[in-house]
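**Q** Take this sequence and fold it.
(one chain, ligands or ions: 1)
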Amino acid sequence: MTEIVRVQHVSKTFHDKKAVNDVSFSIKKGEVVAILGPNGAGKTTTISMMLGLMHPTNGDLKLFGLDPSDKKVREKIGTMLQEVSVMNGLKVKELLELIRNYYPNPLSLKELIQLTGLTETDLKTRAEKLSGGQKRRLSFALALSGNPDLIIFDEPTVGMDITSRNRFWKTINQLADQGKTIIFTTHYLQEADDVAERILLFHNGSIIEDGTPAEIKARIAKQAVSFATDDPIHSLEKLNKHAVVTNIYQKNNRVIVQTEDTDAVLALLFEEKVGARQIQIENGKLDEAFEQLTNEHQEAM
Ligand SMILES: Nc1ncnc2c1ncn2[C@@H]1O[C@H](COP(=O)(O)OP(=O)(O)OP(=O)(O)O)[C@@H](O)[C@H]1O
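**A** Predicted coordinates for the structure are as follows:
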């Protein structure tokens, strides 16, 4: 598979602050990658270096095998940054036409409208008169204008209402199906869990986890089987003796069995005849994993 992004031992220091500290990763064609991490973790700095807006203090960073500021690279990238700045005085349609002209194979205006949900009224409006949410929609259309192979977004859904957000992710999934490579940062962990195939978790300038959302959640092993029963004490006694049960307790008439193997626990419920009803399997949540991983790292420092 073609390597699109290659980051090798990259660091960025501002005065004496190490914002990014010896980070290495590579991203292949067609991957959808979420960059997560608490405030100040180094996400925006990493993205800015990928876009050639900042140079690494140390290390090497290539997109499509070239320097990010190379014209050939710029033609293949679409981006949407946190700050939406649009050119005042132009109508949305004029602005889109202008930007499309910079690219060798732009998307048609019709395609851009269909992908981003810009309305006829939006097209006739001067860019500076758009609402915050409409501006983000325009910014999304501008990012897609050149029909980019690589799309990089920094917190793209901030300020979008639920409908716009759903539409945005639907389009992203559509673009991913076409084989585009997509990298985005977000503080909405559910979005990363739903959309990304891979998560790079940043903390204090370093990558502390790199894996699929399922792998990252599984590493925290907060999986559990819970059930209702007429005799919780009897269930606790019968199940507690099995090694597959890592923890067991009663909560509001339900028995919660924490384990790393929910299938084995399900089998046990029937073998031990505990009279389990309304059985539920909980696979852990990404936000729990996120919090635990960043805390563990904080303690280890
Ligand atoms: N231009 C700059 N000058 C000095 N320090 C900077 C600059 N840009 C970023 N930093 C510092 O580098 C660190 C990483 O910042 P960065 O913006 O990359 O974090 P982030 O993960 O994107 O955070 P957030 O989630 O808040 O957007 C922070 O401590 C920040 O204060």
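**Q** which stretches of the stretch 201-301 of the chain aren't confidently modelled?
**A** The stretch 201-301 of the chain contains residues with pLDDT under 70 at 220-222, 298-301.
**Q** what comes into contact with stretch 201-215?
**A** Stretch 201-215 is touched from outside by 11, 18-25, 35-38, 41-43, 46, 192-193, 196-200, 216, 219, 286, 290, 293-294, 297-298, 301, with contacts defined as Cβ atoms under 8 Å, 6 or more residues apart in numbering. All C-beta atoms are positioned from the backbone trio N, CA, C, and that covers glycine.
**Q** Could you list which of these belong to helices?
**A** 43, 46, 192-193, 216, 219, 286, 290, 293-294, 297-298 (DSSP state H).
**Q** Among the contacts of stretch 201-215, the buried ones, what's the ChimeraX command?
**A** Here is the ChimeraX command that selects only those of those that count as buried (16 or more other Cβ atoms under 10 Å):
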select :11,19,20,21,23,25,35,36,37,41,42,43,46,192,193,196,198,199,200,216,286,290,293,294
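**Q** Enumerate the positions of the helix or strand where residue 6 lies that are buried.
**A** Using DSSP states H and E, residue 6 maps to strand 3-14. By neighbour count, with 16+ other Cβ under 10 Å as the criterion, the buried positions of strand 3-14 are 4-7, 10-12.
**Q** among these, which two are most distant?
**A** Using Cβ to Cβ, the buried residues of strand 3-14 span at most 21.6 Å, a distance reached by 4 and 11.
**Q** Can you tell me which residues in this structure are near the ligand?
**A** Those residues of the chain that sit near the ligand, judged by Cβ under 6 Å from any ligand atom, are 14, 17, 19, 37, 39-45.
**Q** repeat that with 5 Å
**A** 14, 19, 39-45 (Cβ under 5 Å from any ligand atom).
**Q** want to throw the residues you listed into JSON lines with pLDDT and distance to residue 235?
**A** Shown next, in JSON lines, are those (pLDDT from 0 to 100; distance: Cβ to Cβ, whole Å):
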{"residue": "14", "pLDDT": "95", "distance to residue 235": "57"}
{"residue": "19", "pLDDT": "96", "distance to residue 235": "51"}
{"residue": "39", "pLDDT": "89", "distance to residue 235": "43"}
{"residue": "40", "pLDDT": "90", "distance to residue 235": "46"}
{"residue": "41", "pLDDT": "93", "distance to residue 235": "43"}
{"residue": "42", "pLDDT": "95", "distance to residue 235": "47"}
{"residue": "43", "pLDDT": "94", "distance to residue 235": "45"}
{"residue": "44", "pLDDT": "93", "distance to residue 235": "50"}
{"residue": "45", "pLDDT": "95", "distance to residue 235": "51"}
